[in-house]
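S.K.: One predicted model, sequence on top.
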Amino acid sequence: QGLRGRSPSFLLLGVNTGGDLFMFRDYLGEGARIFGLDINSECEVFSQERQIKVYQGSQSNATVLEEIAAEVGGQFDAILDDASHDNDITLSSLHLLWKH
């Protein structure tokens with residue numbers, strides 16, 4: 001059960017084809033706010049879907065990560081990192097997002 005039905009804020013780093021955005025939106029329920037970040041600007045098209053907002057940028061960009069966190073109100077209920085798969089970049093975004 002966990003986050004289901006509780007209007008969580010969820011961040012997905014690495015959107016790719018968008019399947020995970022839709023899966024988590026449907027699983028978490030109507031009140032969920034799903035945020036995504038991808039280096040591919042074509043992924044921003046998913047922002048047209050209900051409950052989903054996708055940003056274009058790199059997870060290594062602290063400015064864009066802080067911008068997303070500010071839109072959420074500073075607190076994510078869950079973050080899934082499926083982006084760069086590079087240890088240094090992953091650790092960098094982890095350290096930056098940990099407080100959120």
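M.R.: In hand now; what should we look at? Numbering: from 1, shown residues only.
S.K.: I'd like the next helix or strand past the strand or helix carrying Asp26.
M.R.: Here Asp26 sits within helix 19-28, counting by DSSP states H and E. Once helix 19-28 ends, the next helix or strand along the chain (criterion: DSSP H and E) is strand 33-38.
S.K.: Describe which strands that following strand pairs with in its sheet and in which direction.
M.R.: Paired strands of strand 33-38, with direction, are strand 9-13 (parallel), strand 52-56 (parallel) (DSSP bridges).
S.K.: Pull the residues that contact that strand.
M.R.: Here strand 33-38 makes contact (Cβ atoms under 8 Å, 6 or more residues apart in numbering) with 7-16, 18, 21, 24-25, 28, 43, 46, 51-57, 59, 64-65, 68, 71-72, 76, 83. Where C-beta positions appear, they are placed from N, C-alpha and C, glycine not excepted.
S.K.: What of stretch 55-68?
M.R.: 11, 13-14, 35-41, 43-44, 81, 83-84, 89-90, 92-93, 96-97.
S.K.: Just name the most buried of the strands paired with strand 33-38.
M.R.: With neighbours defined by mean count of other Cβ atoms under 10 Å, none of the strands paired with strand 33-38 is more surrounded on average than strand 9-13, at a mean of 24.
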